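*Asks:* I need the structure of the sequence given here:
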Amino acid sequence: MATAATKSETNATELTRALERGEVAPASFHHASHLQVAWIYLQESDSIAGASDKMSVTLRKLAGAAGHPEKYHETITIFWIRILANFRNFAGEQDLDRVLAANPALLAKDFVLKYYSQDLLLSDRARTSWVEPDLKPLSI
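*Replies:* Numbering: from 1, shown residues only. All right, here's what the predicted structure looks like:
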């Protein structure tokens, strides 16, 4: 019998593959889903950059499928990969569900505003390329 953590990870992997195949409706892909896919990409990649690249390709495809390619945001995408990588490094064997239970602030979409001013985050430069945080460094 699979454990709850195993089921959760299996579900996240299935979500990731479905998203890659274009089988997930953009309207049903919410923040928690983004975190699940990012976590899977971090597990499957040799580096944070590799996970970021996978996430970028997948989210650009999703935004394009929704008819809104301009909604893709490079800084926010890489921010979430990097922040999850930080938490993952300290989590040891814990799965994403346990990390989120211990750090519920990660479930708030606006968590990114602890690191970025709204002006910087809404800039064209931040939308199209990685920009370092201006409020506090990206670390736990």
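*Asks:* From the rest of the structure, what touches the helix or strand encompassing T10?
*Replies:* Per DSSP states H and E: T10 is located in helix 4-20. Residues from elsewhere that reach helix 4-20, judged by Cβ atoms under 8 Å, 6 or more residues apart in numbering: 2, 24, 29, 33, 36-37, 39-41, 58, 61-62, 95-98. C-beta here means a position set from N, CA and C on the backbone, and glycine is covered the same way.
*Asks:* Tell me the helices and strands packed up against the helix or strand following it.
*Replies:* Stepping forward along the backbone from helix 4-20, the first helix or strand reached (DSSP H and E) is helix 31-44. When contacts are defined as 3 or more Cβ pairs under 8 Å, 6 or more residues apart in numbering; DSSP states H and E, helix 31-44 packs onto helix 4-20, helix 48-65, helix 74-91, helix 96-102.
*Asks:* Under the pLDDT cut-off, which ranges of this structure? List them.
*Replies:* Under the criterion of pLDDT under 70, the regions of the chain flagged as low confidence span 1-6, 140.
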